[in-house]
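Chemist: Model the following, please.
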Amino acid sequence: MKRLMLLLPLALFLVVAVFLYRGLFLDPSALPSALIGKPLPEFTLPSVEDEQRSIRTADFKGPALVNVWATWCVACKVEHPVLNRLAEQGVTIYGIDYKDVNADAIQWLREFHDPYQLNVRDESGSLGMDLGVYGAPETFLIDRQGIIRHKFVGVIDERVWREQLAPLYQQLVDE
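Modeler: Reported below is the predicted structural model:
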């Protein structure tokens, strides 16, 4: 009995260690989304640039990237130049300014340029919650029918675009 009591903590430690070791090899950007294959959630939110204008789900025409961003997000500043280049190349990008101060968002877009064809204010985070957003930046790829086909968590850099998102986007363009 004493021997069993001595081995029990060791066995528990080994079980926990195996799970932690396995976690070292998981991709943190590969967060599952229950929305893959489902339509973009219904919303009507004000525009970042014009608070008198309402933008609705139906205004987001695919294929497109739907980028969740914020001025308080350091990683979004890293990603932003890549989004500007993609927009210049003709990639359709819509923005969701997530839990942000609108005046800050307007200043950001003036200073760093605006890659978004439409950009909604999600000050309360309700659309982000409906999308299952963990934080910014997160990007969704939608098809012509507004169906979410892919979710990417993290910074879109040149490598991520070239190796992961560009082939998916092109596939949707070709459909």
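Chemist: Could you pull out the buried residues of the one helix or strand residue 85 maps to?
Modeler: Taking DSSP states H and E as the criterion, residue 85 maps to helix 74-88. Neighbour-count burial for helix 74-88 flags 76, 79-80, 82-84, 86-87 (criterion: 16 or more other CB atoms under 10 Å). All C-beta atoms are positioned from the backbone trio N, CA, C, and that covers glycine.
Chemist: heading toward the C-terminus, what's the first helix or strand past it?
Modeler: strand 93-98.
Chemist: okay, the angle between that following strand and helix 74-88?
Modeler: Interaxial angle of strand 93-98 relative to helix 74-88 (axes from the mean of the first three to the mean of the last three CA atoms, to 10 degrees): 160 degrees.
Chemist: Which residues does strand 93-98 contact?
Modeler: Outside strand 93-98, the residues that touch it by CB atoms under 8 Å, 6 or more residues apart in numbering are 48, 60, 64-71, 83, 86-87, 105, 115-123, 125, 127-128, 131, 133, 136.
Chemist: can you rerun that using 7 Å?
Modeler: 48, 60, 64-70, 83, 86-87, 105, 115-122, 125, 127-128, 133, 136 (CB atoms under 7 Å, 6 or more residues apart in numbering).
Chemist: List buried residues within those residues.
Modeler: The neighbour count (16+ other CB under 10 Å) marks 48, 60, 64-70, 83, 86-87, 105, 115-116, 118-122, 127-128, 133, 136 as buried among those.
Chemist: From the residues you listed, which land in strands?
Modeler: Counting by DSSP state E, the part of the buried ones among the contacts of strand 93-98 found in strands is 64-69, 118-122.
Chemist: residue boundaries of the helices in this structure?
Modeler: Assigned by DSSP state H, the chain shows helices spanning 2-23, 74-88, 102-112, 126-131, 158-160, 166-174.
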